[in-house]
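In: coords please:
(2 chains, ligands or ions: 2)
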Amino acid sequence: MAALDPAPPGRGPAEVAAGVLELSDLTKRFSAHGRAAVDGISLTVPAGEVCVLIGPSGCGKTTAMRMINRLIEPTSGDIRLDGRSVRDFSPHQLRRRIGYVIQQVGLMPHLTVAANVATVPRLLGWDRERTRARTRELLDLIGLDPDEYGPRYPAELSGGQQQRVGLARALAGDPPLMLMDEPFSAVDPITRERLQNDFLRLHRAVPKTVVFVSHDIDEAVKMGDRVAVMREGRIVQYAPPAELLARPADDFVADFVGADRALKSLSLTRLEDLDLLPAPLVRAGDEVAAVRARLESGELEPLGGTVLVVDPGGRPAAWIPVARLEGQVRVPADAGQADPVLDRITTLRDALSAILESGAAYGTVVDGEGRVTGLVGLDEIGRAIRRPAEVA
Amino acid sequence: MSLLQETWQAYTDPLNDGWGRTVEHIRLSLTALALATVAGVVLGITAAKVGRGAAVVVVTIGNLGRMVPTLAIIGIIVVFFPLGFWPAAIGLFLLGIPPILVNAYTGIRDVDPGAREASRGMGLSRRQVLTRVELPLALPLIVAGVRTSAVEIVATATLAGLVGAGGLGVLVLAGLGNNQTEVILAGAIPVAILAVLAELVFAGAERLATPRGLRITRGLATQRGTA
Ligand SMILES: Nc1ncnc2c1ncn2[C@@H]1O[C@H](COP(=O)(O)OP(=O)(O)OP(=O)(O)O)[C@@H](O)[C@H]1O
Ligand SMILES: [Mg+2]
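Out: Ligands and ions are numbered 1, 2, ... in the order given. Reported below is the predicted structural model:
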């Protein structure tokens, strides 16, 4: 995975460094004689990395996760965060330093969105002003306008928005570690993909060590720096996703990963890793005469006779045929469409699916601020697929 | 003279002292209700925290409470205590507990498990989960229980007249004894009015106790001003 982006302007580097998480020989038995729900697992998650726990239902993912913040006490073994055993902290202190996101979200229905996000800062005893500023910052970060959404109640949000707020709430205390138990599995596939991308973007801006439980191998490959495949309380393979796809440790993992491994490996590459096609950009409001000059000089090369109009902020507005500019003084602001618009963080798999679905020849790739960075078509994706094959 | 006028005369007659009886009635009811609320809420929360076994106990108490007539309870208490205010108050207190107990239990039990899990996971102590999450969410149901109890207590407090605890029941009994319809009514009508008032007051309290966020869920929200 690409190196972490520098912190975006306007926000300092992450205030709290991400922590190293080590599980050693961790075991949980719910009854003295029964099978262990978690059976001697050991793994290390380097600071700032996303570790995905994946495996069939009942294999002990949730149990392993809940031992980390001491919602369950281990039968044996230890957990260390930055070298210190979690047992050195009181459960409450520990949990306030560990973000926790669950599938059911669990927002407090009687509190506003802002009050929900402020839960941990209040527990930590932050003053009013700092709490308020942090709450606004986080709502902004997850793409919900603080003035509009802060005073709302959870019942006034969509499922996807609720899960965003759950994420903001978990981040509020700026914890070095986040635990996420199937956070995106209760929403529809389109919302899920958007939440995944938003999470990845957030994670780059504010790197945290993350343990992420999933039952979806595509999600695991997309989100994880490392993936731990679990079976009956044990870890069968713990490896970066590329290795998991290329060299499954045994038949169980191979089965779990599935037959279409080649297709899944499309999730390993993101649009930002590709050589994109330059977009023939014209700005809404530009003088048509200037555009014509660029066309004549060859600086602007239309694609299929069309150019891409962007708004003054550089965000995509519409494809329009060059012929439409005839008889106009300035480039019109809107007409037609520029779908699909793809964040550069999108995986090739998701991008391919979006392009095929839209029927368009090209997807418009944008950066975190929504500005056009280039175009992607089936050719660009195809080249990226063949490249690793040549290397192998 | 109409029956209504006669009733009013009987109510204001210094010998009957309708107003004084009304005050006694209210005092007795409020005492019993306050005690029942405290006991019902504490027992309900405890039962919800103890778990499954407690559910059986709660339901049993709830059903028994509805089956055993308060008159019987007051009768039993009278055997052991001198006549007066407290035997009646205790009888009414016992009558008032079940609805509050059952509702407090249900209210706490029904709190969204996700909200509880998330609260624990964020580092709220058990006590904070109770006071900041479970109680606010259970409050509307608890107040609904108090409302049921209040109406039952006000109506049943009429029996207090039998054990020398005063109240409007004294007028009803006197009227029955002397075959004076207007005196019976001078006791019965104020009881009915008090019961309706209790219903209205606690219905209002129930609305106030329902947090905005829950009213939205239940589709009761009034339109928010777009500011
Ligand atoms: N509190 C508990 N008491 C007894 N057994 C439990 C408890 N919690 C979990 N288990 C058992 O431990 C095993 C692992 O459960 P766990 O919830 O960790 O699975 P999971 O991998 O998260 O499954 P899923 O994908 O369905 O969420 C299961 O067999 C489950 O029945
Ligand atoms: Mg689970």
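
In: which residue of chain A sits farthest from its center?
Out: A:Gly327 (45.4 Å; CA atoms, centre = their mean).

In: and that residue, how far is that from A:Leu177?
Out: From A:Gly327 across to A:Leu177, the span is 61 Å (CB to CB, to the nearest Å). Where you see a C-beta, it was placed from the backbone N, CA and C, and this is true even at glycine.

In: how about the residues of chain A near ligand 1?
Out: A:30, A:37, A:57-63, A:215 (CB under 6 Å from any ligand atom).

In: Pick out the residue in chain B sitting closest to ligand 1.
Out: For chain B and ligand 1, the shortest gap (CB to the nearest ligand atom) falls at B:Glu117, measuring 12.0 Å.

In: Can you classify that residue by secondary structure?
Out: helix (DSSP: H, G, I helix; E, B strand; the rest coil).

In: Now do the contacts for whatever residue of the stretch 101-250 of chain A ends up closest to ligand 1.
Out: Here the residue of the stretch 101-250 of chain A nearest ligand 1 is A:His215; by CB to the nearest ligand atom that distance is 5.3 Å. Counting by CB atoms under 8 Å, 6 or more residues apart in numbering or on different chains, A:His215 touches A:54-57, A:182, A:185.

In: from those, which is closest to chain B?
Out: Ranked by distance to chain B (CB to the nearest CB), those are led by A:Glu182 at 12.1 Å.

In: Next one, pLDDT for that closest one please.
Out: Looking at A:Glu182, its pLDDT reads 94.

In: what about it, how many neighbours?
Out: Neighbour count for A:Glu182, taken as other CB atoms under 10 Å in any protein chain shown: 19.

In: and A:Ala36, how many residues sit next to it?
Out: Neighbours of A:Ala36 using other CB under 10 Å come to 19.

In: The one 3 residues further on too?
Out: The local packing count at A:Asp39 equals 20, with neighbours defined by other CB under 10 Å.

In: so how far is ligand 1 from it?
Out: Going from A:Asp39 to ligand 1 by CB to the nearest ligand atom, to the nearest Å gives 10 Å.

In: If we ignore the residues flanking it in sequence, what's nearest that residue?
Out: Leaving aside its sequence neighbours, A:Asp39 sits nearest to A:Gly233 (CB to CB, 6 or more residues apart in numbering or on different chains; 3.5 Å).

In: Kindly report the same for A:Ala64.
Out: A:Val38 (4.9 Å).

In: got the contact list for the one you found?
Out: A:Val38 touches A:26-28, A:60, A:63-64, A:67, A:74, A:233, counting by CB under 8 Å, 6+ apart.

In: low pLDDT regions in the chain?
Out: Just so you know, I chose chain A. A:1-17, A:334-336, A:387-392 (pLDDT under 70).

In: I was thinking of chain B, sorry if that wasn't clear
Out: For chain B, the stretches with pLDDT under 70 are B:66, B:70, B:217-227.

In: Could you point out the longest helix of it?
Out: helix B:18-50 (DSSP state H).

In: Helices of chain B, start to end?
Out: With DSSP H as the criterion, chain B has helices at B:3-12, B:18-50, B:52-67, B:70-80, B:85-109, B:113-122, B:126-128, B:135-156, B:169-178, B:181-209, B:212-217.

In: roughly how far out does the shortest one sit from the chain middle?
Out: In terms of CA atoms, centre = their mean, to the nearest Å, the gap separating the centre of helix B:126-128 from the centre of its chain is 27 Å.

In: for chain B, what are the nearby residues on chain A?
Out: Within chain A, the positions adjacent to chain B are A:69, A:71, A:91-96, A:100, A:102, A:104-112, A:119-120, A:123, A:153-156, A:166, A:169-170, A:179 by CB under 8 Å from any CB of the partner chain.

In: same thing but at 7 Å, please
Out: Within chain A, the residues that sit near chain B (CB under 7 Å from any CB of the partner chain) are A:69, A:71, A:92, A:95-96, A:100, A:102, A:104-111, A:119-120, A:123, A:153-156.

In: returning to that earlier point: can the helices of chain B go into a markdown table with extra columns for mean neighbour count?
Out: Output for the helices of chain B, formatted as a markdown table (neighbours: other CB atoms under 10 Å in any protein chain shown):
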| stretch | mean neighbour count |
| --- | --- |
| helix B:3-12 | 16 |
| helix B:18-50 | 20 |
| helix B:52-67 | 14 |
| helix B:70-80 | 15 |
| helix B:85-109 | 24 |
| helix B:113-122 | 21 |
| helix B:126-128 | 12 |
| helix B:135-156 | 23 |
| helix B:169-178 | 19 |
| helix B:181-209 | 18 |
| helix B:212-217 | 18 |
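
In: Would you mind saying which of the ones you listed lies nearest A:Glu219?
Out: helix B:113-122 (20.4 Å; CB to CB).

In: so A:Pro240 sits right up against A:Ala228, yeah?
Out: No: assessed by CB atoms under 7 Å, A:Pro240 is found out of contact with A:Ala228, at 11.1 Å.

In: Who has more neighbours out of these two?
Out: Each of A:Pro240 and A:Ala228 has its neighbours counted (other CB under 10 Å); A:Ala228 has more, 25 against 16.
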